[in-house]
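*Asks:* Provide a 3D model corresponding to the input given below.
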Amino acid sequence: MRLKDKVALVIGGTSGIGEATAKAFAEEGAQVVVAGRKQEEGDRIVKEITTADGQAIFAKMDTTKFEEVKKAVQKAQDEYGTLDILYNGAGIHDSYQTALDIEEEDYDQLMAVNVKGPYLAVKAALPVFLEKGKGTIINVGSQATHVAGPGGSAYVTSKHALEGFTKQLAYDFGEQGVKANLIAPGFVETPMTEGIEEKRLNDIPARRAGKPEEVASLAVFLASEESNYMHGTSVTMDGGWTVGR
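*Replies:* Sure thing, here's the model as predicted:
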């Protein structure tokens with residue numbers, strides 16, 4: 001029960017790593033607001049959490065729209081009294097398109113979800129954290145946070161940007177009790193990675209894809225009191241893929 005009495009907003013919590021994280025947070029005692037665009041999936045996940053004696057509600061929202069993000073933060077406060085943990089897990093991929101290939105509107109949409117979305121969520125949650133003098137932000141990056149290749153031009157740019165954003169949050173608000181860190185997952189079995197060639201696994205020292213639950217366990221650690229001296233850190237969980245890059 002490492003997150004007992006904590007309230008967590010899990011954005012991008014309706015599938016993949018976000019879903020696993022929402023469930024892991026609930027298993028560790030947190031009251032969870034599962035946030036995303038898919039009502040049906042959100043309702044399913046909430047039911048699975050509550051059936052297992054956890055506490056969760058769903059907030060339908062588009063991470064690129066500030067008013068909807070603010071409503072999700074407010075819903076957490078209305079339902080559970082506060083907000084302690086913000087998990088920014090929503091993201092989209094660019095199918096490995098180069099700067100020459102990707103269309104401007106697709107580039108803008110990816111940046112809106114992968115970079116502006118976390119900014120809007122932080123902007124909505126920070127006043128709550130600063131008022132209470134404590135709060136945790138977990139941003140979800142990628143192997144593409146550190147190297148080229150796991151995506152195309154827009155995706156790699158967005159994930160590099162997210163690391164800078166995380167560091168600046170720690171720099172600006174760490175002394176006010178806000179802890180901000182980033183998870184950089186590798187090749188993980190999620191809907192985003194479906195259809196990627198099996199030969200990718202040959203480049204991973206672990207010789208397998210990661211599981212969403214494994215990344216979720218790292219998120220639990222970063223959300224808990226055990227990681228309170230970690231600020232602005234990027235933690236890689238990629239089966240060793242980047243060590244040979």
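
*Asks:* could you look up the SS state of the residue of the chain positioned farthest from its centre?
*Replies:* Each residue of the chain has a distance to the centre, and by CA atoms, centre = their mean the biggest one is for L100: 28.7 Å. Here L100 is coil, with the state taken from DSSP: H, G, I helix; E, B strand; the rest coil.

*Asks:* next one: it relative to S153, how far apart?
*Replies:* To S153, L100 is 8 Å away according to CB to CB, to the nearest Å. To be clear about C-beta, it is placed using only N, CA and C from the backbone, and glycine gets the same treatment.

*Asks:* next one: R245
*Replies:* With the distance defined as CB to CB, R245 ends up 18 Å from S153.

*Asks:* more crowded one of the two?
*Replies:* Higher neighbour count among R245 and S153: S153, with 18 against 12, using other CB atoms under 10 Å.

*Asks:* the more buried one touches T98, doesn't it?
*Replies:* Yes. With contact defined as CB atoms under 8 Å, S153 counts as touching T98 (5.5 Å).

*Asks:* which residue is nearest the centroid of this protein?
*Replies:* The C-alpha lying nearest the average C-alpha coordinate of the chain belongs to G89 (CA atoms, centre = their mean; 2.4 Å).

*Asks:* residue contacts, that one?
*Replies:* G89 sits next to 10-13, 17-18, 21, 140 when contact means CB atoms under 8 Å, 6 or more residues apart in numbering.

*Asks:* pLDDT added to those residues, as JSON lines?
*Replies:* Output for these, formatted as JSON lines (pLDDT from 0 to 100):
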{"residue": "V10", "pLDDT": "98"}
{"residue": "I11", "pLDDT": "98"}
{"residue": "G12", "pLDDT": "98"}
{"residue": "G13", "pLDDT": "97"}
{"residue": "I17", "pLDDT": "97"}
{"residue": "G18", "pLDDT": "98"}
{"residue": "T21", "pLDDT": "98"}
{"residue": "V140", "pLDDT": "98"}
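
*Asks:* which one of those residues sits closest to K123?
*Replies:* I11 (12.8 Å; CB to CB).

*Asks:* the residue nearest to that closest one when sequence neighbours are not counted: which element?
*Replies:* Using CB to CB, 6 or more residues apart in numbering and skipping residues adjacent in sequence, the residue nearest I11 is A35, 4.7 Å away. For A35, the element it lies in under DSSP states H and E is strand 31-36.

*Asks:* returning to that earlier point: now the residue nearest to the centre of the chain: how far from E175?
*Replies:* 26 Å.

*Asks:* go on, N114?
*Replies:* Distance, N114 to E175, by CB to CB: 28 Å.

*Asks:* between those two, who's got more neighbours?
*Replies:* N114 (28 against 9).

*Asks:* residues near the closest residue to the more buried one other than its chain neighbours, how many?
*Replies:* Nearest residue to N114, sequence neighbours excluded (CB to CB, 6+ apart): S158, at 3.7 Å. S158 has 28 neighbours, counted by other CB under 10 Å.

*Asks:* tell me the buried residues in the top helix by length along the chain?
*Replies:* In the chain, taking DSSP state H as the definition, the longest helix is helix 153-173. Neighbour-count burial for helix 153-173 flags 153-163, 165-167, 169-170, 173 (criterion: 16 or more other CB atoms under 10 Å).
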